[in-house]
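A.B. asks: When you get a sec, could you give me coordinates for this:
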Amino acid sequence: MKMKRLKKKKASRLYSEKVRRRNLAGPVLGSFPSVLASNNTPRLPACRQARRAAGIPFPSTPANISKKIWHLRFLKILFIFFLFFLPTQLGKHFFPPFSYLNGIRVDYLSPTLYLTDIIVFLLFIFNFKTVVNFFKDKRILIGLGLLFINVIFANNQPVAFYRLIKIVEFVVVFSLGQQLFKMIKEKILLIILFLIAGFHLTLAIFQLVFRHSIQGIFYFFGERFLSLSTPGIAKATIQGIEFLRPYGTFSHPNSLAGFFLLLYFFVLTNKKFNKYLVLKYLVVFIFSCLVFLSFSKVAILTFLILNTSFLILPAGRQALNTKITCRICKIAQIIGPIIVSLI
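C.D. replies: Numbering: from 1, shown residues only. The predicted structure follows:
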């Protein structure tokens, strides 16, 4: 009899413990009332009251999960647009009094609101905590403090303050870049780079052949009005014939060459892109063409030196040790010195 009583007590304790855990875990149909009545407090399910009292976090609901998915997709789309419009100059120029020199408007002194600035601002709003945590680094704060002191003692304080804002914007992009790059697959990133490179290669060839800017739809991407008669225009002479060095949508051909030179080695040295070799080497080839078409001696010389070093060093040989040989790269390295000799 005693054994039976002990078994009943043990079973009763187990059942009460099971019910308590079930109440904390979530609602079970028919096990308890759905709401607790109260005069002034909002009504909540009994299980949620118990979870709140015990300090147990609420599980993610389908609505919360869908919000997170929507948030990530929106960030991904924003970052893709940022990458695509990064080499463009689509923006609105403002010409306050400090942007004039001797009565002449100077673009480099005028504050400009670019489309990329708006995209970066949206990325900042949707990643506010991440950016704030990054700016808590003492080194970042000391650097920004020194720059702010420089603004105070600058001859043209409005321009210096505008440049400080651009530096802060760059730091914001840097703080989010690593996280956002992981959200984009390698193939999509290569396609974006291919579209950017193809767009600028087409525009550069037109500018080189016609010896002036194309305008039209390219104007809205930041192409400036250029011709051989423009004062201070960048020119190249081949066999006694003057050509307009392609600007693309950049402020100078050297800027175009430097931008695509960096992208060239980013794609070439990144082993993650080896899954899509044909697309990778097509992008690399277009980048090479843009560097040579810019007629930038420094960029072309840097291109040749770094390519040679990359092929000689063991790490570079391992990166190119793939099933498909980079014939396009080898052709570019043969044609490169010939083009340099003509400049």
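A.B. asks: Name the helix or strand for residue 301, please.
C.D. replies: Assigned by DSSP states H and E, residue 301 belongs to helix 297-312.
A.B. asks: What helices and strands are in contact with that helix?
C.D. replies: helix 253-269, helix 277-293, helix 314-319, helix 327-342 (3 or more C-beta pairs under 8 Å, 6 or more residues apart in numbering; DSSP states H and E). C-betas here are computed from N, CA, C, even on glycine.
A.B. asks: what's the least confident stretch among those?
C.D. replies: Lowest mean pLDDT within the helices and strands packed on helix 297-312: helix 327-342, at a mean of 49.
A.B. asks: Now do the contacts for residue 176.
C.D. replies: Going by C-beta atoms under 8 Å, 6 or more residues apart in numbering, residue 176 touches 123, 124, 127, 130, 131.
A.B. asks: thought residue 164 was touching residue 151?
C.D. replies: Yes: the criterion here is C-beta atoms under 8 Å, and residue 164 meets it with residue 151 at 5.5 Å.
A.B. asks: At which residues are the strands of this protein located?
C.D. replies: With strands called from DSSP state E, the chain shows them at 91-93, 100-101, 104-105, 112-114, 235-238, 241-244.
A.B. asks: who's in contact with residue 116?
C.D. replies: 82, 85, 86, 88.
A.B. asks: Can I get those residues in CSV including distance to residue 74?
C.D. replies: Output for the contacts of residue 116, formatted as CSV (distance: C-beta to C-beta, whole Å):
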residue, distance to residue 74
82, 13
85, 17
86, 19
88, 22
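A.B. asks: Give me the buried subset of the residues you listed.
C.D. replies: Neighbour counting over the contacts of residue 116 (16 or more other C-beta atoms under 10 Å) leaves 82, 85, 88 as the buried ones.
A.B. asks: which one among those gets closest to residue 273?
C.D. replies: Nearest to residue 273 among these: residue 82, at 19.9 Å, using C-beta to C-beta.
A.B. asks: tell me the contacts of that closest one?
C.D. replies: Residue 82 makes contact with 116, 119, 120, 123, 173, according to C-beta under 8 Å, 6+ apart.
A.B. asks: cutoff 7 Å now
C.D. replies: Residue 82 makes contact with 116, 119, 120, according to C-beta atoms under 7 Å, 6 or more residues apart in numbering.
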